[in-house]
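Novice: Need a 3D model of the following:
(one chain, ligands or ions: 1)
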Amino acid sequence: MRKPFICANWKMNHLVNDASFYGEDLVNRIKMENVDLKKVDVAIFPPYMFMAALKVLFFLTGINVGAQNMHYAESGAYTGEVSPAMLKDMGIECVIVGHSERRQYFNETNESCAKKVKAAIAHGIRPILCVGEYLEERESGRYNDVVKEMLLGSLADIDADEMIKTVIAYEPVWAIGTGKTATTEQANEMAAFIRSVVAEKYGNEVAQQVIIQYGGSVKPDNIAELMAMSDIDGALVGGASLKASDFIKIINFDPAVVGKEPAVVE
Ligand code: PEP
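Specialist: I've put the predicted structure just below:
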């Protein structure tokens with residue numbers, strides 16, 4: 001049984017007060033809606049500078065805090081970078097690796113992603129490896145080959161035990177921040193394809209345990225349909241994760257599964 005995993009990628013948004021307000025608001029809403037965090041994993045990926053405050057606000061709540069990126073080296077002369085050891089030291093549970101914006105604007109490659117996935121796991125941090133094709137690659141019909149190459153390149157040195165700990169986020173670049181969502185069928189077809197690539201390399205038993213998320217204009221009104229698909233186990237959410245009032249509706253995508261009816265407030 002794969003546990004749903006819902007992530008909020010704030011990207012380069014919010015200021016100190018917004019981050020604190022969001023943290024408190026989310027904790028309250030999770031309580032009010034009786035969301036059972038034993039049934040769904042939730043992680044917030046704020047800019048680095050808000051992590052410590054959110055770790056305090058989320059203490060003992062079960063909400064995880066993740067990083068949007070990290071370097072793969074333990075320490076050293078890498079000005080402006082943050083290491084896996086630093087993240088682990090402050091209790092950070094997960095890290096996004098190879099988001100399309102990092103690949104596009106910061107020269108992230110499959111090779112650097114492979115080192116980051118390996119380093120994250122070595123430090124007990126759950127990596128969320130992002131893969132996804134551009135619009136022209138979708139339209140030319142090459143999308144499966146493109147995603148397979150990204151996957152195999154970014155998982156180069158990963159063994160079966162490490163694979164089980166790695167989350168894959170399928171994020172078609174043409175659907176990120178565009179309001180254009182892949183159809184649930186397109187998203188599930190690719191999630192199933194990703195699972196088959198993992199099965200080819202690591203065997204079906206491993207592939208069946210790997211959490212595969214969809215990301216690309218996920219919203220409160222399309223999450224339930226996406227989560228009902230056979231191979232989609234979670235979501236990586238950008239724009240619609242910026243307000244706790246929207247994100248709670250995504251976390252609680254099926255109140256029959258993860259929460260109950262909201263408590264009645266007198
Ligand atoms: C993302 O940042 O990974 C993302 C999917 O963004 P959005 O939900 O805004 O499309």
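Novice: Show me where this protein has its helices.
Specialist: Ranges of helices in the chain, per DSSP state H, are 16-32, 51-57, 84-89, 100-105, 110-122, 135-139, 143-154, 160-165, 184-202, 204-207, 223-227, 244-251.
Novice: of all of the chain, which residue lies closest to the ligand?
Specialist: In the chain, the residue that lies nearest the ligand is residue 238 (2.2 Å; CB to the nearest ligand atom). Any C-beta I mention is one placed from the backbone N, CA and C, and that applies to glycine too.
Novice: Find the nearest non-adjacent residue to that residue, please.
Specialist: residue 9 (5.0 Å; CB to CB, 6 or more residues apart in numbering).
Novice: Number of residues surrounding that neighbour?
Specialist: 26 (other CB atoms under 10 Å).
Novice: For the stretch 151-266 of the chain, what lies in contact range of the ligand?
Specialist: 171, 176-177, 215-218, 236-240 (CB under 6 Å from any ligand atom).
Novice: confidence score at residue 13?
Specialist: Per-residue confidence at residue 13 stands at 98 (pLDDT).
Novice: and if you look at residue 255?
Specialist: 84.
Novice: cool, and the one 3 residues further on?
Specialist: As summarised for this prediction, residue 258 has a pLDDT of 85.
Novice: again with the one 5 residues further on
Specialist: At residue 263 the predicted local distance difference test score is 55.
Novice: just residue 224 next, same as before
Specialist: Reported pLDDT for residue 224: 97.
Novice: ok, it - how many residues close by?
Specialist: Counted with other CB under 10 Å, residue 224 comes out at 15.
Novice: What residues does it make contact with?
Specialist: Contact analysis of residue 224 by CB atoms under 8 Å, 6 or more residues apart in numbering lists 253-254.
Novice: returning to that earlier point: I'd assumed residue 215 was in contact with the residue of the chain closest to the ligand.
Specialist: Yes: shown here, residue 238 and residue 215 form a contact pair, counting by CB atoms under 8 Å, at 7.3 Å.
Novice: hmm, back to that, derive a ChimeraX selection command for the buried subset of the residues of the stretch 151-266 of the chain next to the ligand.
Specialist: Listed next is the ChimeraX selection for buried residues among those, using 16 or more other CB atoms under 10 Å:
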select :171,176,215,216,217,218,236,237,238,239,240
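Novice: which of the residues of the stretch 151-266 of the chain next to the ligand sit farthest apart?
Specialist: 171 and 240 (13.9 Å; CB to CB).
Novice: Isn't residue 143 up against residue 133?
Specialist: Yes: in this structure residue 143 lies within contact range of residue 133 using CB under 8 Å: 4.2 Å.
Novice: residues bridging contact with the two, i.e. touching both?
Specialist: residue 172.
Novice: before we move on, the earlier item: which stretch in the helices of the chain is the model least sure about?
Specialist: helix 135-139 has the lowest average pLDDT among the helices of the chain, namely a mean of 93.
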